[in-house]
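A.B. asks: generate coordinates for the sequence data below:
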Amino acid sequence: MVKPVGEIIKHLQEKPKTLFLIDSIGAFLTTFFLIIILKYFNEFFGVPKTTLTYLSVMAACLCIYSTTCFFTLKDKWIPFIRGISTANLLYCIISGVLIVYNFNLITIFGRLYFLAEIAIIFGLVYIELSVANAIKKEKAT
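C.D. replies: Have a look, this model is predicted:
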C-alpha cells in the first residue's frame, strides 16, 4: 500500500540521501527509454531523433548529478535538493515545449508517454521541494 505523501516526505526528510537515489534511478530510466526504446520504436512514438537526443542528454546529466550527490553528500542537502528539483522542472518545461513544437509528428502514444513522464517528475519535484522545506524548518528550530 502506498504511504500518504506526508509520511513519504517525513521519511525522506530523515534520509535525504534516498531522494537522490530515487531521482538518479528515475533519470536513468528516462535516459534508457529515450535512447533505447523510443529510438528503436520511432514510428510508434513519432518523436524526432533530434528531440530524443536533446532530452536523453539532459536526462543523463540529471542522472549523473543525482548519482554524484547520492555518493558524495554528507550534509547541507537543501541547495542540492533545490538544484535537482529546479533542473527537473526545467527538463519538464523543455520536454513540453519540444512536444508542442513537434505535436503533429508525435503519435498519441508518444504524447501519452511524455505526459506521464512529466506528471511523475512534477510529483517528484513536489516531494523534493517539500523535503527541502521540512529540513530547513527542522534546522530553524
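
A.B. asks: elements contacting the helix or strand containing Val97?
C.D. replies: Counting by DSSP states H and E, the element that carries Val97 is helix 78-101. Packing contacts for helix 78-101, counted by 3 or more CB pairs under 8 Å, 6 or more residues apart in numbering; DSSP states H and E, involve helix 16-32, helix 49-72, helix 108-140. For glycine as for every other residue, the C-beta is placed from the backbone atoms N, C-alpha and C.

A.B. asks: that one versus helix 16-32: what angle between them?
C.D. replies: 20 degrees (axes from the mean of the first three to the mean of the last three CA atoms, to 10 degrees).

A.B. asks: begin at 780, not 1, for the rest of this chat.
C.D. replies: Sounds good: first residue 780 from here, last item helix 857-880.

A.B. asks: in helix 857-880, which residues are buried?
C.D. replies: By neighbour count with 16 or more other CB atoms under 10 Å, helix 857-880 contains the buried residues 859-860, 863-864, 866-867, 870-871, 874, 877-878.

A.B. asks: Phe812: which of those residues is nearest?
C.D. replies: Nearest to Phe812 among the buried residues of helix 857-880, counting by CB to CB, is Ser874 at 12.3 Å.

A.B. asks: could you report the pLDDT at the nearest residue to Phe812 once chain neighbours are set aside?
C.D. replies: Among residues not flanking Phe812 along the chain, Tyr892 sits closest, at 7.7 Å (CB to CB, 6 or more residues apart in numbering). Here, the pLDDT recorded for Tyr892 equals 95.
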